[in-house]
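Participant: Fold the following and give me the result.
(one chain, ligands or ions: 1)
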Amino acid sequence: MTDTSPFYITTAISYPNGKPHIGHAYELIATDAMARYQRLDGRDVFFLTGTDEHGQKMQQTARKEGVTPQELADRNSAEFQAMGKLLNASNDDFIRTTEPRHHEAVKVIWNRMGDAGDLYKDSYSGWYSVRDEAYYQEGETELRADGVRYGPQGTPVEWVEEESYFFKLSEYQDKLLKYYEENPDFIGPAERRNEVISFVKSGLKDLSMSRTTFDWGIPVPKDPGHVMYVWVDALTNYITATGYLTDPEGPRAKYWPADIHMIGKDIIRFHAVYWPAFLMSAGLPLPKRVFAHGFLLNKGEKMSKSLGNVVDPVNLVEHFGLDPIRYFFLREVSFGQDGSYSEEAIATRINSDLANGIGNLASRSLSMIVKNCDGKIPECGPLSDEDKVMLASADALLASTRSDMNALAIHRAVTAIIAVVSEADRYFAGQEPWALKKTNPARMGTVLYVTADVVRQVAILLQPFVPESASKLLDLVAIPADSRTFADLGEAGRLVPGTPLEAPKPVFPRYVAPEA
Ligand code: ME8
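Facilitator: Take a look at the predicted model:
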């Protein structure tokens, strides 16, 4: 039975204080692959991404650039949306936290926390990192030789003293620990789960929820001298877009709670501590899973707008092509761990797995069909043991990739698919269909049929990762648009003998480095 239930997946919403970098692209590509996988597997998917437009960092950057925060947000949010198009992201919505729908939802959640008795006014004094938009305990900071105090992520902190609303986070310590205990999959991967549990066990202080020393944010209801702390507003985006709070009878309310919040490891505390506590306070269902991917390292160094070592995803895509880049990051980086990349590594991957792998298998087998089988998918004769083993490997991919994807081991799913391509290469070489042409043409037809069906299944399964190229592969084997879902894998959708094929065009060209 196909599972057609709702599946809601989100990326973090990015700060549009600069253009998107490759870290943002990576998160979007990985989340897109998961969303596409679930859609092809029958789920009713809602996939959300967007921009996080309020807060002190936005206000400071805008001032430096001599524009208003809204102008800065408009300009760079457009860049993030353009990046989504460039990356072929299949998000169903793009949320901006400056939109009226978001202001409305944030007020509802704030009032619910207030009604629960969890908000009170006091004054805050402590350390704040504008770059992280985070409060830190003194013990988490460090005064370095340069005379500057830094927070745990290596960003400078400043002393803040102001009137503020507080959230009674301290009262949620035990509730959160109990929740983590009862829901072992709530936080992943395991390193992040351990990190969060030890942070919560070390003791939670009440959280400052509003700021009074600047005004670029959502005003606190009935106390407009305060704007909400940007993370209160930012986290709520996930629920805003479903209309769960503001349009409970609407078509998207069914998507809350989210199945997966996909984020980077630097923002796990906000998603796995503050967010569930806010939701508990507001009496709302909690997301099922928060999964933190690692950081992409540029020559071993963390990239960030503030460090200025940002790699522009547009350049990378223009240089290597979109699907090769998507493939590289999804295959090369163990999802959940940090990943390093270089032009050489990208080139090697493209050539070994795509050009020499699936590209070559498809072109060799399909051009033999076009030349030797009257341009039509051949009849499949009686299956030998080798044929059966080959088809069984391809048929088994749905179950194995489904379990890898559910475990967020994206790289393992991709690896398993490409392993079947290698197996098919060995099968094809071992069966020598070119030699059978004269001696046993019917047997040649069967070998080509089996190989082409492996190409079909591999192409169906590659759609989440390299959507455009996989679709070209499926065109080569003449699979109609309505027979490309996971329900068509295995026996159900076997190639139909007699279907005409055209001479295959190359789908994955070899990467040749431009002359220096
Ligand atoms: O944190 N490699 O926004 P952001 C991989 N607005 N991922 C990276 C990365 C890198 N080098 N650099 C950043 C924010 N990311 C908040 C989120 S959500 C309610 C609010 C990831 O623009 C980062 O971990 O700084 C985060 O998941 C996303 O990019 C946006 O980062």
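
Participant: And Val310, what's its pLDDT?
Facilitator: As predicted, Val310 sits at a pLDDT of 63.

Participant: before we move on, what about Ala513?
Facilitator: At Ala513, the model reports a pLDDT of 86.

Participant: So it sits against Thr348, correct?
Facilitator: No. Ala513 lies out of contact with Thr348 (Cβ atoms under 8 Å); the separation is 11.0 Å. Backbone N, C-alpha and C define where each C-beta goes, glycine included.

Participant: Looking at those two, which is more packed in?
Facilitator: Between Ala513 and Thr348, Thr348 has the larger neighbour count (other Cβ atoms under 10 Å), namely 14 against 9.

Participant: Next, count neighbours for Gln173.
Facilitator: Residue neighbour count, defined by other Cβ under 10 Å, stands at 17 for Gln173.

Participant: Tell me the helix or strand right after the helix or strand that contains it.
Facilitator: Using DSSP states H and E, Gln173 falls within helix 173-182. Downstream of helix 173-182, the first helix or strand assigned by DSSP H and E is strand 187-188.

Participant: Adjacent strands (with direction) for that next one?
Facilitator: strand 290-293 (parallel) (DSSP bridges).

Participant: Show residues contacting the partner strand.
Facilitator: 26-27, 30, 186-189, 192, 260-265, 267-268, 271-272, 275, 335-336, 408 (Cβ atoms under 8 Å, 6 or more residues apart in numbering).

Participant: Keep only the residues you listed that also lie close to the ligand.
Facilitator: Among those, proximity to the ligand is found for Tyr26, Glu27, Ile263, Gly264, Ile267 (Cβ under 6 Å from any ligand atom).

Participant: State the pLDDT value of the residue in the chain positioned nearest to the ligand.
Facilitator: Nearest to the ligand in the chain, going by Cβ to the nearest ligand atom, is Gly264, at a distance of 1.7 Å. pLDDT for Gly264: 98.

Participant: Please apply the same query to Glu344.
Facilitator: Per-residue confidence (pLDDT) for Glu344: 89.

Participant: Quick check, Phe47 in contact with Gly84.
Facilitator: No. Between Phe47 and Gly84 there is no contact under Cβ under 8 Å: 10.6 Å.

Participant: Give me the more crowded residue out of the two.
Facilitator: It is Phe47, of Phe47 and Gly84, that has more neighbours when counted by other Cβ under 10 Å, with 24 against 21.

Participant: How is that one assigned, secondary-structure-wise?
Facilitator: At Phe47 the chain is in strand, as set by DSSP: H, G, I helix; E, B strand; the rest coil.

Participant: hang on, the earlier thing: show me the two of the ones next to the ligand among the contacts of strand 290-293 that sit farthest apart.
Facilitator: Greatest spacing in those, by Cβ to Cβ: Tyr26 and Ile267 (14.4 Å).

Participant: Mind checking which of those two has more residues around it?
Facilitator: Using other Cβ under 10 Å, the more surrounded residue of Tyr26 and Ile267 is Tyr26, with 24 against 20.

Participant: sec struct for the more buried one, please.
Facilitator: Taken by three-state DSSP, the conformation at Tyr26 corresponds to helix.

Participant: Could you pull up the residues touching it?
Facilitator: Neighbouring residues of Tyr26 by Cβ under 8 Å, 6+ apart: His293, Leu296, Phe329, Val333, Gly339.
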